[in-house]
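*Asks:* I'll drop the sequence and a predicted model, then ask my questions.
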There are 2 protein chains.
Amino acid sequence: MSQVKGYAARSADSDLSPITFERRQPRADDVSIQIDYCGVCHTDLHFAHDDWGITQFPVVPGHEIIGRVTAVGSAVTIFKEGDIVGVGCMVDSCRTCPACEGGLEQFCLNGMTPTYNGEDRHDGSITFGGYSDSIVVSEHFVVKVPSALNPAMAAPLLCAGITTYSPLRHYGVKPGHKVGVVGMGGLGHMGVKFAKALGAEVTLFTRSSHKVDEARKQGADHVVVSTDDAQMEATAEHLDFILDTVPVQHDLNPYLNTLRYDGIHIMVGLLEPVDPPLQAGALLMKRRVLAGSLIGGMPETQEVLDFCAEHGIECDVEMLDIKNINEAYERMQRGDVKYRFVIDMDTLKAA
Amino acid sequence: MSQVKGYAARSADSDLSPITFERRQPRADDVSIQIDYCGVCHTDLHFAHDDWGITQFPVVPGHEIIGRVTAVGSAVTIFKEGDIVGVGCMVDSCRTCPACEGGLEQFCLNGMTPTYNGEDRHDGSITFGGYSDSIVVSEHFVVKVPSALNPAMAAPLLCAGITTYSPLRHYGVKPGHKVGVVGMGGLGHMGVKFAKALGAEVTLFTRSSHKVDEARKQGADHVVVSTDDAQMEATAEHLDFILDTVPVQHDLNPYLNTLRYDGIHIMVGLLEPVDPPLQAGALLMKRRVLAGSLIGGMPETQEVLDFCAEHGIECDVEMLDIKNINEAYERMQRGDVKYRFVIDMDTLKAA
């Protein structure tokens, strides 16, 4: 085991604070990584606050990790010391089930191992995330960061990026398609960039008319204020896809009605029961589809980094000193971030 | 106009009774059809009882029509006098929008014309359905009944059949797939036959253990009693598709959990709000899909008849004298029919 410095929540009520903890020794297929940047995801906050009742304290959050390779195990074939690499939401899976063999490790039939608050499938230890100075990960769950990408801005691609990119690719968004994006946070603003880069005409839905200018700046071709019934009605039966990034309960029905026949409403944020109730007739009468999507598999996680390098796509980030992480959580809860906090892990040295 | 004999509901509270009404004169592209058989759909009952508040009385229901051609207009190219033909849920559409051009007339952007209780798009008259001795329909909305099919048993293919066949084809059900069918009524029993004929392994879900033998007789490889939690749990993450034919509110969540990742739950019966609420997490965590489907377009309606002829598939029907239609409605409401009533329209002569 090796001693690692990080930031942890020790109970649902406590602020995050410095911690020193032990990482497992590297195995033959492991890559050891010194962490340079870590994005801050809303999921981190849910785990720190134990919102889902499954947190094992202390928890060291962080699953949007960018760093450099400091050592590789004897069986590692892809990476070498000095490589700039990324680690996302998973650090292991069974690797033998049909999902794993199909490059969809997030759906591993034996359960993937999350980057933090998970259980190592070899020694049973609890995994700790990227709010720390280093991490040890099997090379299968490490991706290369293309040199064209700014590493700090690449961090959120490992969760916010892949979460929005994967469904657009899975459902084949291409030029000629009309895509609606609901919500303009960390996920939504990436959804707009990806849909545009894939050639689609993009409509951004926002609840606030004061976000219209900002939405256009993000690349949206059209902006619809979703609280304005007339604007929603004018968009009826118009879209091929909706990418719905809203993580709290909201009425899906007005959005379904903006889809043409065969349109697909993809949810990437909502984990709660659908309320107000879904109108089944809105699906039946137009053969519409309500779909969910969850991050992406490892091949696609590499793909999104390469895609961003090729298309010059970056996440809009606000850099953070780790000692301000608790204030950042409060701001996230108010929606006060454009559009993703990324911790400069150098600041951990002084913490 | 020509005088036609039929059966109509004259108000939401009245029984159906004989009526004489006028049909429009045939146009150049019209086929005149003497009706031999008409299937009885639950939708007929909803319209007769004005359950959806949109019925125009008197209403002559019936959209599972089999008959013989008695005359054709000058522009008719496909049909000739004496042909055995079918008419389903639609009798017209705009024919120029992308949906119509794609053979998906049920999603006509200008609104398809339903076989009854609809408005003729040329003269504004109200359409009357197949509980009658004859009908006049544009040849585009008429299908050929293959000689291998028993015409009486073919009638329900025009609604119950196409409704269950279309989504299985749309989503590409094939050998190796595992398909669950929820409900074993007029639609469900056809769903089992089609899924089997397409090569799938079929699991039928039923709420009553006393239906298990009958479900196996219908061809189901497995029968799961959905009220038995242990049986449902044993089916978890197992199926590729669910064909859900239940037309009333029911809990979708236990069925979603029987789908593997990327599994698709297709609703063909439910038009009401989903209650109990849909668990969005069940879609997101496994990239599952909740879909709706509505009858099928004209090319696919011809296809289902040809498919049934080729595979020896028939609907299980109970023949009905039209004077017993009101008693049949009562029995349908109790679920007391195996599996579809078909009216022998010869009985109309004596009515």
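*Replies:* Looks like it came in fine.

*Asks:* Can you name the next helix or strand after the top helix by length along chain A?
*Replies:* With secondary structure taken from DSSP state H, chain A has its longest helix at helix A:298-311. Past helix A:298-311, heading to the C-terminal end, the next element that is a helix or strand (DSSP states H and E) is strand A:317-320.

*Asks:* pull the CA atoms of the helix-or-strand element of chain A with minimal mean pLDDT into CSV?
*Replies:* Taking mean pLDDT, DSSP states H and E as the measure, chain A has helix A:212-217 as its least confident helix or strand, at a mean of 91. The C-alpha coordinates for helix A:212-217 follow below in CSV (Å, rounded to 0.1, in the frame of the first residue of the first chain):
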residue,chain,number,x,y,z
VAL,A,212,-31.1,32.8,-24.5
ASP,A,213,-28.0,34.8,-25.4
GLU,A,214,-25.7,32.5,-23.6
ALA,A,215,-27.4,29.5,-25.3
ARG,A,216,-26.7,31.0,-28.7
LYS,A,217,-23.1,31.7,-27.7
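
*Asks:* which residues touch the helix or strand following it?
*Replies:* Where DSSP H and E defines the elements, the next helix or strand beyond helix A:212-217 is strand A:222-225. Outside strand A:222-225, the residues within contact range by C-beta atoms under 8 Å, 6 or more residues apart in numbering or on different chains are A:180, A:201-209, A:211-212, A:215-216, A:231-232, A:235, A:258. Where C-beta positions appear, they are placed from N, C-alpha and C, glycine not excepted.

*Asks:* Filter the residues you listed down to the buried ones, ChimeraX style.
*Replies:* Only the buried members of the contacts of strand A:222-225 end up in this ChimeraX selection, burial being decided by 16 or more other C-beta atoms under 10 Å in any protein chain shown:
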select /A:180,201,202,203,204,205,206,212,215,232,235,258
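
*Asks:* who in the stretch 151-300 of chain A is up against chain B?
*Replies:* Applying the criterion C-beta under 8 Å from any C-beta of the partner chain, the portion of the stretch 151-300 of chain A that neighbours chain B consists of A:170, A:237, A:261-262, A:267-268, A:270-294.

*Asks:* Kindly recompute the last result at 6 Å.
*Replies:* If contact is defined as C-beta under 6 Å from any C-beta of the partner chain, the residues of the stretch 151-300 of chain A in contact with chain B are A:261, A:267, A:270-271, A:273-275, A:277-281, A:283-285, A:287, A:289-294.

*Asks:* mind listing which of those residues are in helices?
*Replies:* Judged by DSSP H, helices contain the following of these: A:280-281, A:283-284.

*Asks:* What strands flank the longest strand seen in chain A, and is each parallel or antiparallel?
*Replies:* Ordering each strand of chain A by length in residues (DSSP state E) puts strand A:30-40 first. Sheet neighbours of strand A:30-40, with direction, are listed as strand A:65-72 (antiparallel), strand A:134-138 (antiparallel), strand A:340-344 (antiparallel) (DSSP bridges).

*Asks:* Just the buried residues of that strand, please?
*Replies:* For strand A:30-40, burial by neighbour count (16+ other C-beta under 10 Å) applies to A:30-33, A:35-40.

*Asks:* which two from those residues end up farthest apart in space?
*Replies:* Pairwise distances across the buried residues of strand A:30-40 peak at 25.4 Å for A:Asp30 and A:Val40 (criterion: C-beta to C-beta).

*Asks:* now stretch A:228-237, how far from the centre of its chain.
*Replies:* Averaging C-alpha coordinates over stretch A:228-237 and over its chain gives two centres that are 30 Å apart (C-alpha atoms, centre = their mean, to the nearest Å).

*Asks:* tell me the mean pLDDT for it?
*Replies:* Averaging the model's pLDDT scores along stretch A:228-237 yields 95.

*Asks:* So which bits of it are buried?
*Replies:* By neighbour count, with 16+ other C-beta under 10 Å as the criterion, the buried positions of stretch A:228-237 are A:232, A:235.

*Asks:* what do you get for stretch A:7-25?
*Replies:* By neighbour count on 16+ other C-beta under 10 Å, the buried set for stretch A:7-25 is A:7-9, A:16, A:19, A:21, A:23.

*Asks:* With secondary structure as extra columns, can I get those residues in TSV?
*Replies:* Supplementary listing: those in TSV, determined by DSSP: H, G, I helix; E, B strand; the rest coil:
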residue	secondary structure
A:Tyr7	strand
A:Ala8	strand
A:Ala9	strand
A:Leu16	coil
A:Ile19	strand
A:Phe21	strand
A:Arg23	strand
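
*Asks:* Which of these sits closest to chain B?
*Replies:* If you rank the buried residues of stretch A:7-25 by distance to chain B using C-beta to the nearest C-beta, A:Ala9 comes first, at 22.8 Å.

*Asks:* A:His46 is in contact with the closest one, correct?
*Replies:* No: with contacts counted by C-beta atoms under 6 Å, A:Ala9 stays clear of A:His46, the gap being 10.9 Å.

*Asks:* just to revisit the earlier point, dump the ones in helices among the residues of the stretch 151-300 of chain A next to chain B to JSON lines, plus pLDDT.
*Replies:* Below are these laid out as JSON lines (pLDDT from 0 to 100):
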{"residue": "A:Ala280", "pLDDT": "97"}
{"residue": "A:Gly281", "pLDDT": "97"}
{"residue": "A:Leu283", "pLDDT": "98"}
{"residue": "A:Leu284", "pLDDT": "98"}
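
*Asks:* Check those and tell me the two furthest apart.
*Replies:* The distance between the two most remote of these (C-beta to C-beta) is 7.3 Å, for A:Gly281 and A:Leu283.

*Asks:* Between the two, which has more neighbouring residues?
*Replies:* Shown here are A:Gly281 and A:Leu283; by other C-beta atoms under 10 Å in any protein chain shown, A:Leu283 has more neighbours (26 against 17).

*Asks:* Confirm that A:Leu243 sits in a strand.
*Replies:* Yes: according to three-state DSSP, A:Leu243 belongs to a strand.

*Asks:* residues in contact with it?
*Replies:* By C-beta atoms under 6 Å, 6 or more residues apart in numbering or on different chains, the residues touching A:Leu243 are A:181, A:191, A:266.

*Asks:* got it, and A:Asp51?
*Replies:* Counted by C-beta under 6 Å, 6+ apart, A:Asp51 has zero contacts.

*Asks:* Strands of the stretch 51-200 of chain A, start to end?
*Replies:* A:65-72, A:84-87, A:90-92, A:113-114, A:134-138, A:143-144, A:178-182 (DSSP state E, counting those that start in this stretch).

*Asks:* Pull out the buried residues from the fifth one.
*Replies:* To tie it back to what came earlier, the one meant is strand A:134-138. Of all the residues in strand A:134-138, those buried under the rule 16+ other C-beta under 10 Å are A:134-138.

*Asks:* for the longest one, same thing?
*Replies:* For strand A:65-72, burial by neighbour count (16+ other C-beta under 10 Å) applies to A:65-69, A:71-72.
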